[in-house]
Structures are given as structure tokens and as C-alpha cells.
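Asks: Give me the fold of what follows.
(one chain, ligands or ions: 2)
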Amino acid sequence: MTADLLPPDEPEAPRLRAAVLGAGSWGTTFAAVMADAGCDVTVWGRDDTTVRQIADDHRNEAYLPGIELPARVTATTDARAAVRGADVVAVAVPSQRARAVLEPLRDALGPRTVVVSLMKGVELSTDRRMSEVVAEALAIDPARVAVVSGPNLAREIAQRQPTATVIASTSDETARLVARACASSYFRPYTNPDVVGVELCGAVKNVIALAVGISQGRGLGYNTMATVITRGLVEITRLGLALGADADTFPGLAGMGDLMATCASPDSRNHTLGGHIGRGMTLDEAVAATGGTAEGVKSCRSVLELAQSLGVDMPITHAVVRVLHEGLPVEQLAPLLLARPHKAEGA
Ligand SMILES: NC(=O)C1=CN([C@@H]2O[C@H](COP(=O)(O)OP(=O)(O)OC[C@H]3O[C@@H](n4cnc5c(N)ncnc54)[C@H](OP(=O)(O)O)[C@@H]3O)[C@@H](O)[C@H]2O)C=CC1
Ligand SMILES: O=C(CO)COP(=O)(O)O
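Replies: Ligands and ions are numbered 1, 2, ... in the order given. Coordinates of the predicted model:
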């Protein structure tokens, strides 16, 4: 499939240089997306074998078996070399590791480089969203930071199946630059100034997908799934509004769109891990059986802390925390949620 190289209104725009920090499934896929959009892309990974495979064979068999990467994607184990001269640096490591990966690169970025968080988590111990972590760790103006979030399961995109995404930044110029760096015939970015809403949707949908996975692992059907997804969106919205997000974000691609993709797909790590828990595995067993980064496992605690600090009720998130981290037997999750006091639907 051929990609559109540049939007038609910018025929003379120079080719962008991009870097991706993280050579896992989403980092590698987003590198391919940017290459298909016309960028020259360097991926940083910490594993020498993976890096050599990407650079020499245009493959990443550990994370994207069977996928051929575009020739414009190369790779290095030297993070400073990867970001040198880059117009756009995208970050795709586990959220809890981002600060440690970024801080040593403070003086390696150009003064106009834009940094994109691809991560869907909330930092434990600070309860910061990842765009906040990125700006703090690199000591850059938040206007140079963007967030990409939407129904974006890596493997489907690596196969160039069509999807859309949301690019959120407080700066329209930053969001448009990132849109230009990733727009192609199979990947359509929409910009949105609501960084708080877009980012919260991405982090909390992982927790809701864990709850859906747990219910399916317990053998429950579509009524339960639809209930958890719908009430999950209600609690995501409640937290987002308390933090000043825009109500229009939640029914959009980063909200309902990503929630649907993650809760429905067997490729989702959060959904899969929830299924293992529902079928009776311990958390350690479920993490090992799932593989990859299931952000909801850690972020459920920071999301709950954030909600409690604002007096926001998040019963599904709370129940997931209790099952994963506080020893609540998994069979008590549904009764716990269903036995709560009466409420009107819109309350
Ligand atoms: N996969 C997806 O479909 C999507 C993922 N995301 C988000 O993107 C982020 C990254 O996820 P994803 O790429 O899927 O995760 P993966 O588990 O596929 O890859 C994680 C990457 O981070 C590296 N890594 C792990 N620990 C560290 C560390 N301590 N220091 C530096 N690097 C480390 C891994 O390296 P190594 O191989 O050496 O362990 C690997 O390259 C997450 O926040 C996720 O929620 C967002 C949208 C879609
Ligand atoms: O964020 C994702 C899809 O948009 C990927 O979900 P998982 O991290 O659960 O695989």
C-alpha cells in the first residue's frame, strides 16, 4: 500500500527527521507510520539484537513477528545519537520508565524539537500524566509536547490497516507538525487541544479493559461487557471533567474509540491480562503469561489516587485495584460493583 507523503497544501515542505525512543510494539509501529508518512526515522532500543534486526533486516521479530518495516526506519542503541537533529521525538517506553529514559537526554534535543508521548499510563508516586512527565523530565515548554492516543492497536497498524488517531497539544503548531509527521493513506490524525482529556482516556481505558477481561475470564457475556464499557466511559468522563478536560473528547476517538478497540481486541495486553486474572491466575502469573506492557496494572493505582484526591467516584477502577493489588477474590468483583447504593443513570 502506498502512503500519502505530505498533505497537498504543503508540497515543498522538507522531509522531517524523527526519532522513536522504545523499540517495542508501538514504538516500532509508530516508526513505520512516520516513515510511511515520509520521515527519516531512527528508533532507539536498549536491546542490541532487536536494534540490529531493525537496522539491518527491517524487522522486529520479538515484537512484530512477520512485519516488514519501511527502508526509511533505522535503529541504534545510542539514545543521544537517535534524537540528534530530530524534528520530532516520539516516546514509547513503559510509562513508569519514561522519566529515567528522558532525563539523561535533556541537553541532547534541539531547541525546537517536538516531543510526542505515545504512552498510556499515569506515573506512580507523582500521579502525573505522561505529557507532564515528558515536559518535566526534559525541562521543555509543554507547548513542545504532544500526545498521540486513539484506537491504535499496534499490530493492526503495522499491517497498514486503516485507523485514525488524536494528536493533542496545547500548541496547534506542535499538533500540526506531528500530524504531518504521521499522516498517511492508512493513518489519519485529528488534532485536539484537550491534552488532559485525550491523555486520561488513553490511561484509564486500560483499567476498564482489565475489568472487561476479568469479566470475560469469569465466563460472563456481552451484557456484562457492554455494562462495564459504558459505565467505564462514565467514570473516565467524570475524572476528566474534574481535571478540566473538554466533554467532547470522551465520545471521540481517544475516548469511546480506544475503549472499544482495547476492550474488544484479543491483541490488547490489558484485556488479555484481565482474562488471565478472571480465569484464576495470580497477578505475577498473568503478567508473565501476557508479555509486553499492560499499563493498567500499575496505572490503576495512580488513577485511583488521582480520583480520590479530587473526590471523584471511580467504582470500576477501585474494584480493579482491589482485585489486582489488595487481595479481593476475583469472584467478588461483580457483586462488589452491583451491590452499591441506588443511583440515577445520569448522576
Ligand atoms: N502496543 C500498542 O498497541 C500500543 C501501546 N501504547 C502505549 O505505548 C507504550 C509502550 O508500549 P509498547 O510499545 O506496546 O510496549 P512493549 O512492551 O511492546 O515495548 C516496551 C519497550 O520499552 C522498552 N523498555 C522496557 N523497560 C524499559 C526500561 N526500563 N528502560 C528503557 N526501555 C524499556 C522495551 O525494551 P526491551 O525489549 O529491551 O525490554 C521495549 O522496547 C505504553 O504506554 C502503551 O500503553 C499505545 C498505543 C498502542
Ligand atoms: O492502547 C492500545 C490500543 O489503542 C493498546 O492496548 P494494550 O496496551 O492493552 O495492548
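Asks: in the stretch 1-150 of the chain, what spans have low per-residue confidence?
Replies: 1-12 (pLDDT under 70).
Asks: switch to 80 and redo it
Replies: 1-13 (pLDDT under 80).
Asks: do the same with the stretch 201-347 of the chain
Replies: For the stretch 201-347 of the chain (pLDDT under 80), the answer is 347.
Asks: Get me the contact residues on it for ligand 2.
Replies: Within the stretch 201-347 of the chain, the positions adjacent to ligand 2 are 206, 209, 258, 261-262, 268-271, 294 by CB under 6 Å from any ligand atom. All C-beta atoms are positioned from the backbone trio N, CA, C, and that covers glycine.
Asks: List the ones among these that fall in strands.
Replies: Assigned to strands by DSSP state E, none of these qualify.
Asks: ChimeraX command to pick out the buried ones of those residues?
Replies: Buried residues among those (16 or more other CB atoms under 10 Å), as a ChimeraX selection:
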select :206,209,258,261,262,268,269,270,271,294
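Asks: Among the residues of the stretch 201-347 of the chain next to ligand 2, which lie within helices?
Replies: Among these, the residues falling in helices (DSSP state H) are 206, 209, 258, 261-262, 269-271.
Asks: Now flag whichever of those residues is closest to residue 42.
Replies: Nearest to residue 42 among those is residue 269, at 25.8 Å by CB to CB.
Asks: In contact with that closest one, which residues?
Replies: Residues near residue 269 by CB atoms under 8 Å, 6 or more residues apart in numbering: 290-294.
Asks: let's see it at 7 Å
Replies: Shown in contact with residue 269 (CB atoms under 7 Å, 6 or more residues apart in numbering): 290, 292-294.
Asks: same question, residue 117
Replies: 91, 130-131, 134, 145, 147.
Asks: do you know how far the residue lying closest to it once chain neighbours are set aside is from ligand 1?
Replies: Excluding the flanking residues, the one nearest residue 117 by CB to CB, 6 or more residues apart in numbering is residue 130, at 4.3 Å. Residue 130 sits 7 Å away from ligand 1, taking CB to the nearest ligand atom, to the nearest Å as the criterion.
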